[in-house]
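>>> heads up, no residue letters with this:
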């Protein structure tokens, strides 16, 4: 007997960050408050119990290693507080988000990571500078779209704005920049691949 079996194959799903939206609120004391909103698609591959957010431990300039001081304020997944812990390894300050005893369901998830970083406004003779890697370059999956909004204290006079896209150290320019008062928005114009930011 001949048997024909017809079935619909599921759409191929893969893990990625669909939208990485960062708000950087610059404080008058030189600190920044960073709120990262990530819309991710989990498929049980790299995202099983949650996600890792790797941030640099040091800024290296002129042979000096200047440490970053982080203060995690809150982390949520899908509108609920999410457990996390932090660790350090090499130049990485890692926020491990999720519960090792709980698997994250496949499909879309919404993470909000909020932290404060001490003394992030760099002072030069003729200007001050906010220099920040908005997405980081350590993701094991692509970022379809990213936006970084820098909110300055009222009345700050801008002397220049610049961003880079691509792998660490690259100077790609796949972004658009717009300014609206004290709000400065950088948005990617093409997806970021694994280890690009």
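Looks like it came in fine. Note that the structure is a prediction, hence the values are computed from the model and not measured.

>>> For the residue nearest the centre of the chain, what is the enclosing helix or strand?
Nearest residue to the geometric centre of the chain (C-alpha atoms, centre = their mean): residue 135, 3.2 Å. Assigned by DSSP states H and E, residue 135 falls within no helix or strand.

>>> Could you report the pLDDT at it?
On pLDDT, residue 135 comes in at 96.

>>> didn't it look like it was pressed against residue 19?
No - proximity of residue 135 to residue 19 does not meet the contact threshold set by C-beta atoms under 8 Å, at 11.0 Å. Every residue, glycine included, has its C-beta placed from N, CA and C.

>>> quick one: the residue nearest to the centre of the chain and residue 144, what's the gap?
Residue 135 sits 12 Å away from residue 144, taking C-beta to C-beta, to the nearest Å as the criterion.

>>> do the same with residue 30
In terms of C-beta to C-beta, residue 30 sits 33 Å off from residue 144.

>>> before we move on, what about residue 108?
Taking C-beta to C-beta as the measure, residue 108 falls 12 Å from residue 144.

>>> in the protein, what secondary structure element scores lowest on mean pLDDT?
When the helices and strands of the chain are compared on mean pLDDT, DSSP states H and E, strand 58-61 comes out lowest with a mean of 80.

>>> So which residues make contact with the helix or strand following it?
Reading on from strand 58-61 to the C-terminus, the next helix or strand found by DSSP H and E is strand 64-67. The contact list for strand 64-67 (C-beta atoms under 8 Å, 6 or more residues apart in numbering) reads 57, 58, 59, 60.

>>> Pairing partners for strand 64-67, with directions?
Using DSSP bridges, the strands paired with strand 64-67 are strand 58-61 (antiparallel).

>>> mind checking how far the partner strand is from the chain centre?
When C-alpha coordinates are averaged (C-alpha atoms, centre = their mean, to the nearest Å), strand 58-61 and its chain have centres 19 Å apart.

>>> same check, this time on stretch 95-113
Worked out by C-alpha atoms, centre = their mean, stretch 95-113 lies 15 Å from the chain centre.

>>> Use 691 as the first number for this chain going forward.
Sure thing, new numbering starts at 691, so read that last one as stretch 785-803.

>>> mean confidence score for that stretch?
95.

>>> Quick check: end-to-end length of stretch 750-770?
Chord length of stretch 750-770, first to last residue, is 36 Å (C-alpha to C-alpha, to the nearest Å).

>>> Give the buried residues for that stretch.
With burial defined by 16 or more other C-beta atoms under 10 Å, the residues of stretch 750-770 counted as buried are 760, 762, 765, 767.
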